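>>> test case, fold it:
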Amino acid sequence: MSTLALDAEALYAELLRVVPHLRGANARLVGVTSGGAWLAERLHRDLGLAGEPAVISSAMHRDDYAQRGLAAAAQTRLDFDVNGAHIVLLDDVLYTGRTIRAVLNELFDYGRPASVKLAVLVDRGGRQLPVQADFASARVTLPATQLLALARDAGGSFSFQVEG
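The predicted structure follows:
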């Protein structure tokens, strides 16, 4: 495992700058487990938002559920009425689009939002589904054999890890 030469903290600062414009006056932040949930947690704190950040899991709607199973930490927690809500969905890395498809299916199990916007730290291309982020702090290209993931240290600082 190695660290990618992307400054995750600088990319987070850009996300922090843009999210208030994406969310407008009342959109709810929802983080995709686990990297997106970390982003939502930190954005909630840095933006001074009340309550706990919402978290959504892709586990139950993944097309590879039989291989991956259900992780104990991957539980959806939405403490608001999804019907008619404006939602900013947060994730660390957008790649094939399959996680976002699964998350949208999970979200619609809870109701019908008025709108959903997607914000990610990194868009690495390689889409298999027609999914596009409304905002990406960076765009990178990696071989399909490599996995890019957000890491968080004990102090809450972000970095990227490349595996494979």
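>>> which helix or strand contains the residue nearest the centre of the chain?
Nearest to the geometric centre of the chain sits Asp91, at 1.3 Å (Cα atoms, centre = their mean). Asp91 is part of strand 86-94 when elements are defined by DSSP states H and E.
>>> what helices or strands is the helix or strand just after that strand leaning on?
Going down the chain from strand 86-94, the next helix or strand is helix 98-110, by DSSP H and E. If you count contacts as 3 or more Cβ pairs under 8 Å, 6 or more residues apart in numbering; DSSP states H and E, helix 98-110 packs onto strand 28-32, strand 54-56, strand 86-94, strand 115-123. C-betas here are computed from N, CA, C, even on glycine.
>>> contacts only, for the residue nearest to the centre of the chain.
Each residue near Asp91 by Cβ atoms under 8 Å, 6 or more residues apart in numbering is listed here: Gly31, Val32, Gly35, Gly36, Leu39, Thr99, Ile100, Val103, Leu118, Ala119, Val120, Leu121.
>>> now Val116, nearest residue through space, not along the chain?
Closest residue to Val116 apart from its sequence neighbours, by Cβ to Cβ, 6 or more residues apart in numbering: Ile87 at 4.8 Å.
>>> count the residues that sit near that neighbour.
22 (other Cβ atoms under 10 Å).
>>> over to the one 10 residues further on?
Gly97 has 17 neighbours, counted by other Cβ under 10 Å.
>>> roughly how far apart are it and Asp7?
Distance from Gly97 to Asp7, counting by Cβ to Cβ, to the nearest Å: 25 Å.
>>> now do Gln75
31 Å.
>>> likewise Gln161?
Taken as Cβ to Cβ, the span from Gln161 to Asp7 is 14 Å.
>>> quick one, what contacts Leu148?
Counting by Cβ under 8 Å, 6+ apart, the residues that Leu148 touches are Leu4, Val93, Tyr95, Val122, Arg124, Val140, Leu142, Phe160, Gln161, Val162.
>>> for these, give me a markdown table that also has pLDDT, neighbour count and distance to Asp134.
Converted to a markdown table, the contacts of Leu148 look like this (pLDDT from 0 to 100; neighbours: other Cβ atoms under 10 Å; distance: Cβ to Cβ, whole Å):
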| residue | pLDDT | neighbour count | distance to Asp134 |
| --- | --- | --- | --- |
| Leu4 | 52 | 16 | 23 |
| Val93 | 97 | 22 | 15 |
| Tyr95 | 96 | 21 | 17 |
| Val122 | 97 | 25 | 14 |
| Arg124 | 96 | 20 | 16 |
| Val140 | 94 | 16 | 18 |
| Leu142 | 91 | 17 | 22 |
| Phe160 | 94 | 23 | 21 |
| Gln161 | 92 | 14 | 25 |
| Val162 | 90 | 17 | 25 |
